[in-house]
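# Give me the fold of what follows.
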Amino acid sequence: MKTTTQDEATVSEELAQLSVNNPNLVEMDDPPPPQITSEGIITTDITHKFKAAASTLEPGELIKDGFFTLFESVGSLEIMDPKMDSGCLAPGESLDEEYDVTRPLLPSEVLGIIDQLLCLEMAWHLGYPLSQTLFTNVYIEAMQMPSPTTIQEAHFIRSDDNQGDGAAQNPMFTVLRAYCLGLLKACWYVNERIKSEHYYEEEDFVTNTYHRSLLEDIDRTEIRDEILAARRLLHSIRHEISEEVSQALSLRLELRTAFLRAIELSELRSNPDSLSLPWSQMKAVWAAINKSHHLGKPVPEAFSTKIQRRVASTMPPRPIVHLSFEETFKHFNNLLEDGIEVLKVLNYHDPQSLLNFVLTFQAKKPQPLVYIRTLLQNFLFKDMVILGNLSIRQVLDADLSIVVLPGSRLLDPANDAVEAPYDPRFAMAHQMEVFRQRAAQSYLDIHRAFCQNRCRVRRTLCHSIQDWETVQIDAEDIDQLLAVQLEEQPMSYTTTLTSSSEPALSLPLSSWAYLYKLRLMEWIVQLGFELETYQPDELAGMYWYLSYLAKTRAQHVERIKAFTVSRYNEKRIAGTSKVTKSEEEQHKRSLSYLRVTLIDAAVTWELADGLSCLYTVLHRLKLIPTYPGPYSSDELRYDIRMKPFSTVGLPELPSFETFKNATAQPDTSTADLLTYALRAVEGAKRGFHDGLAVLNEKEAFTVGTHERWVARTKNTLKSVISTSIAIGAVQRALNNNGENNNKECRDDVLHNDLKVEVPKPDKTYHEWWIVPKITVTEKKKAAGGEGV
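The predicted model follows:
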């Protein structure tokens, strides 16, 4: 101990002798320049010249020598550039924010700060990082740093005894603190929910918290108590401040309480009516908040980008995201409506209705925010329990029962109890379990894929195609083994497009996989239209390919239907005792599904065919703009568009020559093409009026989402009618120019008579059906023409 004390004294003596600790010492002269001894080198002291030159530069100004490399230039940009260097200070600027969080706040100022926090919170939900949104607020920063571990530490003003601090006891500080507590805790729950599900950081959301805890260690019950105490305080002082402002502040605190309650209940995944209560409460409160926004007084100095200098980030300084309150109101209102609607997924009816719910819900415009989409994923997949109470096997078997195996012995749960290896039911149970294990993940991935943003949905489906190709191949092998156990005999069948086929087995499992693969292929093409993947001069070809896929799906559904009806008839012929009431209901449900699927495929096929012919005609008339592609060709573009399907065995990918001839149809006259297009569109219209329009939610398999499905169906019907009108306009223009069966149309005249606009997907009735707008020129209108 004595030796240690002596050492410390010696060190202290030496430190005390340093010039920095002795201001009385005379400043030493500048050290002489280094003595460099080398032949051929003459040293010159440029220190004074360099200082003189540097003094002429403004702070932050950069100079570049002609021999400065690009790498060195880019590296130097980060130094003394306010756009890249967060430590760069303007003349007279301080490093840290000088705003005093202890200064008294008026009630209107607290209201203004809270409303600005609402705007920043919504900007965070839209995908901006916390460093540009909520973490730019000095009160949020003061509460979080250093990180509080108890509710008593979560204050703007830290002291040994916050209860005794005069500023902390200010009623307006209490209200603002309670709001910030609820805000940060809600953000922590949202952040954790999103991180626990499938999302894309660079595309959807930024989960980086920059080493801020977001009150992770503080229980939400304590925070809820603080909010309730603040509301009671507001009620007690309502006569001291404006009644309107007091009510406005109370509503904002109520919003935070309801949000925390909604998050808490969403973890239950049951009883959606009860779960929707806090969401409905928030919607009512939000409408009242919007009406009281004008009462707030903005406090812009309470928000600063200087706080970014203290967050743990390698990113350059970014400006604060300014979202207007009007935009915030719209986005928040959509968030609350989607929150109420997403809970309806818990009302499970059948797997096809569940799939349609996901498809139509995610197709909403604007698309639900990432928090709602991850909430949907949580309901669907948490702990591998579907919707909180269904196993994957239950959902998968129910889907197989609807699509290909109604009332089948293959799905009988009693097969699992059979232990005799030579019993056919033992083999059935084993092979079906092998199939379930192989297909379950691919099946669930369809639902998960549609929970992403629309661009990512298409990319994910492109990757899923190969997986479903493998599922189909594996299912064919299992089908062959099951056919032996079932003693199935090959059967001939016919469809509306084919004559009697060669005798074949039903192959139910591979047929199921093939049907889903076809649907995936159609979705990929349709999403290409929605996402503007295709150029206008490619629309004719891509609509032809969509028609080709839909026609293949219709033929396949007819094949499934033929075997389903045959199995049902065999059971009925064998005796009424062979068909139970449950089996009869399953067969009716399966036939209902096959009917609606067949109508949907036929409508898609006919409308796509009509649009393909229409775009081909417009291309012939040189009314569709063709963009120059000096480094591409039609064949290269075809290879790119068909790349997702290049590994698919069935349906066979058409060759480029087949695709080109089927699209251009060089042997068909323009008039005949338009006649065929009009006939196809009329067929699609009949499909809507006689088929889809008369279906109820159970028949359409849209339980829980029927209103959205009907709306999208009506929008497609509007696209059908619009296509019919466009075809009619071109036909009239042809007739007015003397078109007949033996005479080619005068392309140059028609090119001047008609104008074509290819609208953006968001300007159409349905984003999958890009119907061109045909306009007759003024000259023709005067002669009795029409515009579309």
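# the domain parsing of the chain - what is it?
Listed by automatic domain parsing, the domain ranges of the chain are 2-76, 107-325, 391-750.
# Could you name the helices and strands sitting against the lengthiest helix in the chain?
Looking across the chain with DSSP state H, the single longest helix is helix 581-620. Judged by 3 or more CB pairs under 8 Å, 6 or more residues apart in numbering; DSSP states H and E, helix 581-620 is in contact with helix 392-403, helix 539-574, helix 656-664, helix 670-690, helix 706-736. All C-beta spots, glycine's among them, are computed from the backbone N, C-alpha and C.
# List the buried residues of it.
By neighbour count on 16 or more other CB atoms under 10 Å, the buried set for helix 581-620 is 584, 586-587, 589-590, 592-594, 596-620.
# next one: stretch 291-303
Ser292, His293, Leu295, Gly296, Val299, Ala302, Phe303.
# tell me the contacts of the closest residue to the second one other than its chain neighbours?
It stands for His293. Nearest-residue entry for His293: Phe325, 5.4 Å, with adjacent residues in sequence omitted and distances by CB to CB, 6 or more residues apart in numbering. Residues near Phe325 by CB atoms under 8 Å, 6 or more residues apart in numbering: Asp115, Leu118, Cys119, Asn290, His293.
# so which pair among the residues you listed is furthest apart in space?
The widest separation within the contacts of Phe325, taken as CB to CB, falls between Cys119 and Asn290 and amounts to 12.4 Å.
# Compare neighbour counts for these two and give me the winner.
Cys119 (20 against 17; other CB atoms under 10 Å).
# Please, which helix or strand holds that one?
In this structure, Cys119 sits in helix 107-125 according to DSSP states H and E.
# who does that helix touch, helix- and strand-wise?
helix 171-196, helix 243-266, helix 325-342.
# Please save the CA atoms from that helix in CSV.
Listed next in CSV are the C-alpha coordinates belonging to helix 107-125 (Å, rounded to 0.1, in the frame of the first residue of the first chain):
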residue,chain,number,x,y,z
PRO,A,107,-50.7,24.2,-22.8
SER,A,108,-50.9,25.2,-26.5
GLU,A,109,-47.2,24.6,-26.9
VAL,A,110,-47.5,21.1,-25.4
LEU,A,111,-50.3,20.4,-27.8
GLY,A,112,-48.1,21.7,-30.7
ILE,A,113,-45.2,19.4,-29.7
ILE,A,114,-47.5,16.4,-29.3
ASP,A,115,-49.0,17.0,-32.8
GLN,A,116,-45.6,17.3,-34.3
LEU,A,117,-44.6,14.0,-32.6
LEU,A,118,-47.7,12.4,-34.1
CYS,A,119,-46.4,13.5,-37.6
LEU,A,120,-43.0,12.1,-36.9
GLU,A,121,-44.4,8.9,-35.5
MET,A,122,-46.3,8.4,-38.8
ALA,A,123,-43.2,9.2,-40.8
TRP,A,124,-41.5,6.4,-38.9
HIS,A,125,-44.3,4.0,-39.8
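# Let's have the domains of the chain in JSON lines, adding mean pLDDT.
Compiled in JSON lines, the domains of the chain are given as follows (pLDDT from 0 to 100):
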{"stretch": "domain 2-76", "mean pLDDT": "67"}
{"stretch": "domain 107-325", "mean pLDDT": "91"}
{"stretch": "domain 391-750", "mean pLDDT": "93"}
